[in-house]
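>>> Predicted model and sequence below, questions to follow.
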Amino acid sequence: MGRYDIPAILNYINETTGYEKIAYIGYSCGTTQLFYGMTVLPEYFRSKLSVFVALAPITKIANSPAMLLKVTNIFYSIIVKSLATKKVSDFAPTPTFKKLCNTVPWFCRYGATFIVASTMEYDDPNRFQVYMNHAPAGLPV
């Protein structure tokens, strides 16, 4: 899709609107498709796109500062085989976990530093509870 479909769509938009460059906003798999396209056709996408916004990108993050991602990257193939064997397709937090985060927010803030990043210096502690009311919402495997 990144090699053929997205270029076809961009060409159509270009011809229809007359815009020389187009802003691309991808979500989830749409980001992966463009990441791939930019890898195999870098000059084409450089000439066609004014900006690329990647919302909820799906990629393997080998160089993340998050400790959990570092550990899972090391054992990635073992984890994937194990989850496939057990037919696990997603992780959904239990109501108990959400209640724990609402009752003891510092526990979940600490957990977030392990999962997401090694520091919370850029996070707004006043907004954390708002985020926890919506998350964790589960994730596909």
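Structure received. Residues are numbered from 1 along each chain as shown.
>>> Grab the nearest non-local neighbour of residue 49.
residue 24 (5.4 Å; C-beta to C-beta, 6 or more residues apart in numbering). Where you see a C-beta, it was placed from the backbone N, CA and C, and this is true even at glycine.
>>> quick one, phi/psi of the one you found?
phi -110, psi 120 (degrees, to the nearest 10).
>>> Just give the number of residues close to it.
23 (other C-beta atoms under 10 Å).
>>> same deal with residue 20?
Residue 20 - counted by other C-beta under 10 Å - has 9 other residues nearby.
>>> returning to that earlier point: verify the contact between the residue nearest to residue 49 and residue 38 for me.
No: Residue 24 is not in contact with residue 38 according to C-beta atoms under 8 Å; the separation is 9.9 Å.
>>> shared neighbours, those two?
residue 52 (C-beta atoms under 8 Å, 6 or more residues apart in numbering).
>>> Kind regards, and thank you for your time.
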